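Asks: Model the structure of this input:
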Amino acid sequence: MTADHNAPRLEVFPVLGIGDLRPGDDLAAIIAEAAPPLQDGDVLVVTSKAVSKVEGRLLRLDSDDPAEREAARQRAIEQETVRVVAQRGTLRIVETRQGLVLAAAGVDASNVARDELALLPAEPDASAALLREALRERLGVELGVIVTDSMGRPWRDGIVDNAIGVAGLAAVTDPRGQRDVYGNVLEVTRVAVADEIAAAADLVKGKLAGIPVAVVRGLAPDGKLVDDGLGSRSLLRGAADDMFRLGTVEAIAAGRADAGIGADSDPALHADAVATITALATHSPAEAALRESFLGFLAARPDAMARSCAPGHLTASAVVVDRSRGAVLLTLHPRIGRWVQLGGHCEPGDRTLLDAAAREAREESGIGALSFDPQPLGLDVHPLTCSLGAPTRHFDVRFLAVAPDGAEPVRSDESLDLRWFGWDELPDGIDDELRLLFAAARARLTQ
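Replies: Numbers count the residues shown, from 1 in each chain. Below you'll find the predicted structure:
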């Protein structure tokens, strides 16, 4: 398979004669017996139900009564769910323990006995890898293996098979940086090849036909599939990149909860922000006006502490200096491309602005024993495009922290670089506002 994933010719054919599978059955032996001669570079596509059956991922019920079965199914969905994405009535779209987002947590009542329910394989990638290894030992062929489950899709009706477990091939190809036939550089395109293979294979399988296994041939004409070793992980979109993490109803409910709407009093974090900023001493009319703008925003928005507050929200940052007071720790921010102090959004569990500043500084510096001055250094408002992808404003409250002797910072995934800089050796691109902040920090250290 090339980075562009296209193949000159493909064949897709079903594996017939699998029969009814039960816990403990040797799936590799059954497939080896039933499949036509397999070749290096073939991709074996197996429905998750077949894997769940042989691995014993079945719930046996005391009755086949439809009402009792449905009640058991709902309980199983709850047990397999780590996060509800959207819900209408009893229909739930959820995130499962495997990191998948799908209806009913994959709990299925089809193609099993009437007194049984099927759960998804506990570790689909491991299941795919074990089946691949067993077939290699038995047949001496190098295969790719994909375990599939059917899923619905946003904005599209009908279900398609998707890959939930992958072994022996790259699930996603990445041709970014290459040029198309018109000379345009591809900048966004990544192709979920494993999902495309799963959908193609389902054309010769199907729930009613009772055919759980298919073979796709031709993806690797040389018999060598490209394998990045990531299994199905590259198919899962992380929370930071998920623009549709909640259904509309759930997103509104979460926003109302963040805002404290309906509560008898302001949330503790909001109340602390008001108290902290009210007590902040100012030394010029501009500083006093800025403080009043913060307090006015807090008065107008009970959700001012939550990043879901679209007009803007409070953040907390820290100027971290070393024990000698001679250097400041700066992070190279990946979104704005400049060196700045450590800090970020308030999160659930932060009871005070100082809590938020301390948590962010420790997470971004890797230094656990920072000592903080509880009195803020100052305030700043700056417009930006937030991590949610929308223009907003950060009402930033700045604190001062001192690192212990010998502290060795460790760069986090939220930073491109992390370094100590002497006060007179600051990197290029530091703006005047940040230089004023550092001057305030140095003045505070001499008090």
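
Asks: who touches stretch 9-19?
Replies: Stretch 9-19 is touched from outside by 30-31, 33-36, 50, 200-201, 203-205, 209-219, with contacts defined as CB atoms under 8 Å, 6 or more residues apart in numbering. To be clear about C-beta, it is placed using only N, CA and C from the backbone, and glycine gets the same treatment.

Asks: same thing but 10 Å
Replies: With CB atoms under 10 Å, 6 or more residues apart in numbering as the test, stretch 9-19 has contacts from 25, 27, 30-36, 38, 42-46, 50, 197, 200-206, 209-219, 221.

Asks: now, which of the residues you listed lie within helices?
Replies: 27, 30-34, 50, 197, 200-202 (DSSP state H).

Asks: Which element is encountered next along the chain beyond the lowest-mean-pLDDT helix or strand in the chain?
Replies: Here the helix or strand of the chain ranked lowest by mean pLDDT, DSSP states H and E is helix 248-259, holding a mean of 66. Toward the C-terminus, helix 248-259 is succeeded by helix 268-278 as the next helix or strand (DSSP states H and E).

Asks: Distance to residue 136, neighbour count and pLDDT added to the ones in helices among the contacts of stretch 9-19, as JSON lines?
Replies: Output for the ones in helices among the contacts of stretch 9-19, formatted as JSON lines (distance: CB to CB, whole Å; neighbours: other CB atoms under 10 Å; pLDDT from 0 to 100):
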{"residue": "27", "distance to residue 136": "14", "neighbour count": "22", "pLDDT": "97"}
{"residue": "30", "distance to residue 136": "16", "neighbour count": "18", "pLDDT": "97"}
{"residue": "31", "distance to residue 136": "12", "neighbour count": "25", "pLDDT": "97"}
{"residue": "32", "distance to residue 136": "11", "neighbour count": "16", "pLDDT": "96"}
{"residue": "33", "distance to residue 136": "16", "neighbour count": "12", "pLDDT": "95"}
{"residue": "34", "distance to residue 136": "17", "neighbour count": "14", "pLDDT": "95"}
{"residue": "50", "distance to residue 136": "19", "neighbour count": "26", "pLDDT": "96"}
{"residue": "197", "distance to residue 136": "19", "neighbour count": "26", "pLDDT": "97"}
{"residue": "200", "distance to residue 136": "23", "neighbour count": "17", "pLDDT": "96"}
{"residue": "201", "distance to residue 136": "20", "neighbour count": "25", "pLDDT": "96"}
{"residue": "202", "distance to residue 136": "25", "neighbour count": "21", "pLDDT": "95"}
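
Asks: Which one of the residues you listed is nearest to residue 320?
Replies: Top of the list for closeness to residue 320, among the ones in helices among the contacts of stretch 9-19 and by CB to CB, is residue 197 at 48.8 Å.

Asks: May I have the residues that are in contact with the closest one?
Replies: Contacts of residue 197 (CB under 10 Å, 6+ apart): 5, 10, 12, 43, 45, 144, 146, 148, 161, 163, 166, 169, 171, 214, 216, 219.

Asks: which of these are buried?
Replies: With burial judged by 16 or more other CB atoms under 10 Å, the buried subset of the contacts of residue 197 is 5, 12, 43, 45, 144, 146, 148, 161, 163, 166, 169, 171, 214, 216, 219.

Asks: which ones are touching the residue most central in space within the chain?
Replies: Nearest to the geometric centre of the chain sits residue 238, at 1.9 Å (CA atoms, centre = their mean). Residues in contact with residue 238, defined by CB under 10 Å, 6+ apart, are residue 99.

Asks: Could you measure from it over to residue 101?
Replies: 12 Å (CB to CB, to the nearest Å).
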